[in-house]
Structures are given as structure tokens and as C-alpha cells.
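**Student:** Need coordinates for the below:
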Amino acid sequence: MKPAGPFRRLFAWTYDLLPLVALVLLINAASVSLNGGLATQGIIARSLTFALMVGVVSGYFALSWRRGGQTLGMRAWKLILRRHDGAAPSWRECWIRSGVAWITLPLAPLDWVSAWGGRRSLVERMLNTEVLYDANLGEARQSLY
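**Tutor:** Okay, the predicted model is just below:
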């Protein structure tokens, strides 16, 4: 396994947007439905809807990373998240990683550029994790079927 390059990371992230957009749209539709079909909501309802969306998106990443070290996009691009010692990340590390990602979202372009040349991103350095590329990930999974 070798460190994932920036383009594989970007493509995996883009691929992950598809199920996330669907989840966010479902949450928004449910929120509008609970509001009597009105798209305009009060500040409390908007805040709760936004908090639910952030929680669901964070949960998607944390659950995916914890269960197999991969989101759907990472699976398609043969990437895997591991701690620097090679072990799978703990629940705590997965939740912290997804929370820190929200905080560092404005720095995402800088973080993406920092991944050039196999270097770890800011979040990876903070949590002592790394995203790795393994060309054999798909073959091992296919042999199970």
C-alpha cells in the first residue's frame, strides 16, 4: 500500500457526494413535510434540520471508516483509511476525524494540495491516520464472492 494521491482522494470525495446529497435531500424533505409542507421554517426548525444533516453526514463517514476503513467513494477508488501503525481507526478517531473535517472544510483546497507527493493531510497529521491506495483491495473483495 502506498499513500493516496490527491486526485484519487478528490475523485473518491466526489463519488461520496452522491449518497450524501440523497441523504440531505431526504432529511430536508422530511423537515418540510413535518412543517406542514412549508419550505420556510423558523430559526429553531432550521437549526435542528441543519444539525441533523451534519450529524447524518458525519455518521456516514464515521460508520464507513470504522466498519471497513472505506466509504463508497474510497471503495471505488481503492483507498483505505488506517492509523499510522496500520490498525483500523477507533470509533473515537472516526468521529473526531469527521468533526475536524467540518471545521477544516474552508481549508479543503489547501489540505488537498498538501496531499501532493504522498504527504498526509492536516487532519491525518492531527489524528495520526493516513489514506492509502491499494491496487489489490478490489481483488480481495471479489474473491469472496
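**Student:** for this structure, what spans make up the strands?
**Tutor:** Along the chain, the segments classed as strands by DSSP state E run 2-3, 79-83, 129-133.
**Student:** Now tabulate those strands in JSON lines and tack on mean pLDDT and distance to L52.
**Tutor:** All C-beta spots, glycine's among them, are computed from the backbone N, C-alpha and C. Shown next, in JSON lines, are the strands of the chain (pLDDT from 0 to 100; distance: least, CB to CB, whole Å):
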{"stretch": "strand 2-3", "mean pLDDT": "83", "distance to L52": "34"}
{"stretch": "strand 79-83", "mean pLDDT": "92", "distance to L52": "25"}
{"stretch": "strand 129-133", "mean pLDDT": "89", "distance to L52": "27"}
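**Student:** So for L105, which of these sits nearest?
**Tutor:** strand 129-133 (16.8 Å; CB to CB).
**Student:** Could you quantify the relative orientation of the closest one and strand 79-83 as an angle?
**Tutor:** 150 degrees (axes from the mean of the first three to the mean of the last three CA atoms, to 10 degrees).
**Student:** This completes my enquiry, with thanks.
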